[in-house]
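S.K.: no letters, just coordinates:
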């Protein structure tokens with residue numbers, strides 16, 4: 001709600017950036033500190049978050065719905081950095097007017113916002129069902145890109161490739177690559193079209209996973225792969241990087257943009273819960289998949305899912321870059337009516 005349309009993608013991709021930063025910090029802390037000391041250090045972070053977050057204002061939209069117009073103006077000034085200059089006051093007036101008009105229209109249509117109780121009828125519009133379906137597919141593809149499973153089995157993959165890296169060091173290397181990819185994402189997500197970035201990331205991941213599968217297949221088929229022992233490590237690093245640029249962060253950016261305002265919190269929570277269920281299944285049964293399909297079969301399965309993601313994004317996911325949330329909602333509704 002608080003993001004400016006021009007930088008909404010960048011702010012949305014910060015979600016994954018800081019998750020990956022936390023992952024790397026945990027890898028480093030776990031390597032050089034004991035289990036208990038690591039836990040005590042990490043306890044400080046949510047306490048620090050609480051102290052900082054408690055001073056932040058409510059969103060302007062929420063305050064307008066509660067008829068606290070002056071408080072909403074104050075919150076918007078804080079969030080946008082508006083001063084008392086005539087130019088900033090005019091921008092403040094325009095944005096407040098736009099927000100109030102949008103909320104008034106939704107109130108007349110019975111969409112009083114996230115604060116009102118959610119009813120079964122709220123899921124009836126085709127645009128809503130379509131948004132939820134797109135969200136569910138995107139979070140599933142997020143996990144079936146194989147990245148989370150590969151990160152959890154990095155040491156095993158590096159060892160199979162003949163790498164002499166210590167398992168803890170290999171985990172830190174992958175964590176750093178993932179963080180670098182996420183940082184690149186924050187720089188390009190609002191400069192490139194969402195669909196193009198997602199498609200390039202998915203296709204690149206499919207190539208990297210396919211190469212890992214080829215190496216594994218040659219190895220089990222009796223070919224001498226000693227001269228290309230670097231291939232799985234290089235491919236894994238490439239997949240983690242390219243997925244962190246597109247597939248992983250854009251899932252959450254697009255999800256937050258296409259869901260209707262009233263169902264955004266519920267729908268986002270539902271899709272995120274489903275993501276972690278799928279994540280648990282993929283990570284838990286990855287060794288079983290390796291036993292049944294072989295490492296090459298697993299990699300090619302993940303690559304196939306990435307290629308499906310290319311097609312799904314090309315034909316079913318709307319472009320959202322540079323559009324306001326209201327414009328995206330209208331686009332989803334107009335597409336639904338056309339369908």
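M.R.: Received it, and whenever you're ready, just let me know what you need. Here the structure is a predicted model, which is why all the values come from computation and not from measurement. Residues are numbered from 1 along each chain as shown.
S.K.: how near is residue 103 to residue 128?
M.R.: 19 Å (C-beta to C-beta, to the nearest Å). Backbone N, C-alpha and C define where each C-beta goes, glycine included.
S.K.: before we move on, what about residue 307?
M.R.: For residue 307, the distance to residue 128 - C-beta to C-beta - is 28 Å.
S.K.: gap between the two ends of stretch 4-12?
M.R.: Across stretch 4-12, the terminal residues are separated by 11 Å (C-alpha to C-alpha, to the nearest Å).
S.K.: list the buried residues for that stretch?
M.R.: Using 16 or more other C-beta atoms under 10 Å as the burial criterion, the residues of stretch 4-12 that qualify are 5, 8-12.
S.K.: with pLDDT, distance to residue 150 and secondary structure added, can I get those residues in a markdown table?
M.R.: Converted to a markdown table, the buried residues of stretch 4-12 look like this (pLDDT from 0 to 100; distance: C-beta to C-beta, whole Å; DSSP: H, G, I helix; E, B strand; the rest coil):
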| residue | pLDDT | distance to residue 150 | secondary structure |
| --- | --- | --- | --- |
| 5 | 69 | 35 | helix |
| 8 | 75 | 29 | helix |
| 9 | 76 | 25 | helix |
| 10 | 80 | 26 | helix |
| 11 | 80 | 27 | helix |
| 12 | 77 | 24 | helix |
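S.K.: in CSV: those residues, plus distance to residue 181.
M.R.: As requested, those are exported to CSV (distance: C-beta to C-beta, whole Å):
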residue, distance to residue 181
5, 25
8, 20
9, 15
10, 15
11, 18
12, 15
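S.K.: and which of those residues is nearest residue 95?
M.R.: residue 5 (10.6 Å; C-beta to C-beta).
S.K.: any idea how far residue 324 lies from residue 210?
M.R.: 39 Å.
S.K.: nope, residue 130 is what I was after
M.R.: 31 Å.
S.K.: re the thing from before, okay, residue 307 and residue 128: which has more neighbours?
M.R.: residue 128 (21 against 16; other C-beta atoms under 10 Å).
S.K.: where does that one land on pLDDT?
M.R.: Listed pLDDT for residue 128 reads 82.
S.K.: please apply the same query to the one 5 residues further on.
M.R.: pLDDT for residue 133: 91.
S.K.: same check, this time on residue 331
M.R.: 68.
S.K.: repeat that for the one 3 residues further on.
M.R.: Per-residue pLDDT puts residue 334 at 61.
S.K.: then the one 4 residues further on?
M.R.: According to the predicted model, the pLDDT of residue 338 comes to 51.
S.K.: residue 171: what's it in contact with?
M.R.: 27, 31, 154-155 (C-beta atoms under 8 Å, 6 or more residues apart in numbering).
S.K.: and the buried ones among the residues you listed, selectable in ChimeraX?
M.R.: Restricted to buried positions by 16+ other C-beta under 10 Å, the ChimeraX selection for the contacts of residue 171 reads:
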select :27,154,155
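S.K.: inside helices: which ones of the contacts of residue 171?
M.R.: When DSSP state H defines the helices, the subset of the contacts of residue 171 inside them is 27, 31, 154-155.
S.K.: pick out the lowest-pLDDT one from these.
M.R.: Ranked by pLDDT, these bottom out at residue 155, which scores 75.
S.K.: go ahead and confirm that residue touches residue 169.
M.R.: No. Assessed by C-beta atoms under 8 Å, residue 155 is found out of contact with residue 169, at 9.4 Å.
S.K.: related to what we said a few turns ago, name the pair among the ones in helices among the contacts of residue 171 with the greatest separation in space.
M.R.: So, the ones in helices among the contacts of residue 171 by C-beta to C-beta: farthest apart are 31 and 154, at 13.4 Å.
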